[in-house]
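Peer 1: Got a predicted model here, sequence first, then my questions.
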Amino acid sequence: MAQFPLHTRATAPFEAKPILDQAGQAIGYVPALLAQMAEAPALLEGYAALSAIFRKTGFTPAEQQLVLLTASVEHDSHYCTPAHTVRARAAAIDEATLTAVRAGRPVADPRLEALRLFTVRMIRERGFLADADLDAFVAAGFTRANALEIILAVGLKTLSNYVNHLAETPLDPPLVADAVGRRVA
């Protein structure tokens, strides 16, 4: 596999430095994903912007993390799956739900299951969902705007998950405990 550098502030292209600085200040270190994305500053900027925009959606922080974790599982991302497991836990998603999502199984909470299932179907069907899929999503208490916001999340996770695949992003120490082998579907 191709090798991609883990940039530091000293080695990153000029345009990437402010984003790496901001990440380092916000969480105390620069995640390996961002350090690799810095090789292409436009990608890093786009990812950072989409992340900020997704935080403005109509989903709660827990729902946002459920969507991002679900997409990472569907994309078989060895890096983002543990990253969003950690973040989902911090957003008060219980361990049973995390275990189910990571295994690709239904979750007990009907609303969260509707969110998980809609996200899975959006990815697997590449946006060609049946009317019944949207109707079930809306019946669970979500809106048509939320359905479009799932597309934003899938785009966001496609950027990061594909970088993980191509660059074989190494796990940051806080993610190691939640790492898993490749998922078999």
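Peer 2: Good, I have the coordinates.
Peer 1: contacts and neighbour counts: CA atoms only from here.
Peer 2: Will do.
Peer 1: Which segments of the protein make up each domain?
Peer 2: 14-54, 61-166 (automatic domain parsing).
Peer 1: Name the nearest residue to residue 111, ignoring sequence neighbours.
Peer 2: residue 140 (5.5 Å; C-alpha to C-alpha, 6 or more residues apart in numbering).
Peer 1: Next: residue 8.
Peer 2: residue 35 (6.6 Å).
Peer 1: tell me the mean pLDDT for the longest helix along the chain?
Peer 2: For the chain, the longest helix by residue count, based on DSSP state H, is helix 144-167. Helix 144-167 shows a mean pLDDT of 97.
Peer 1: list the buried ones in it?
Peer 2: Residues 146-147, 149-161, 163-164, 167 are the ones in helix 144-167 that count as buried (16 or more other C-alpha atoms under 10 Å).
Peer 1: what's the offset of it from the middle of its chain?
Peer 2: Mean-position distance between helix 144-167 and its chain equals 7 Å (C-alpha atoms, centre = their mean, to the nearest Å).
Peer 1: by contact count, what packs against it?
Peer 2: Judged by 3 or more C-alpha pairs under 8 Å, 6 or more residues apart in numbering; DSSP states H and E, helix 144-167 is in contact with helix 32-37, helix 41-54, helix 61-74, helix 80-90, helix 110-124, helix 131-139.
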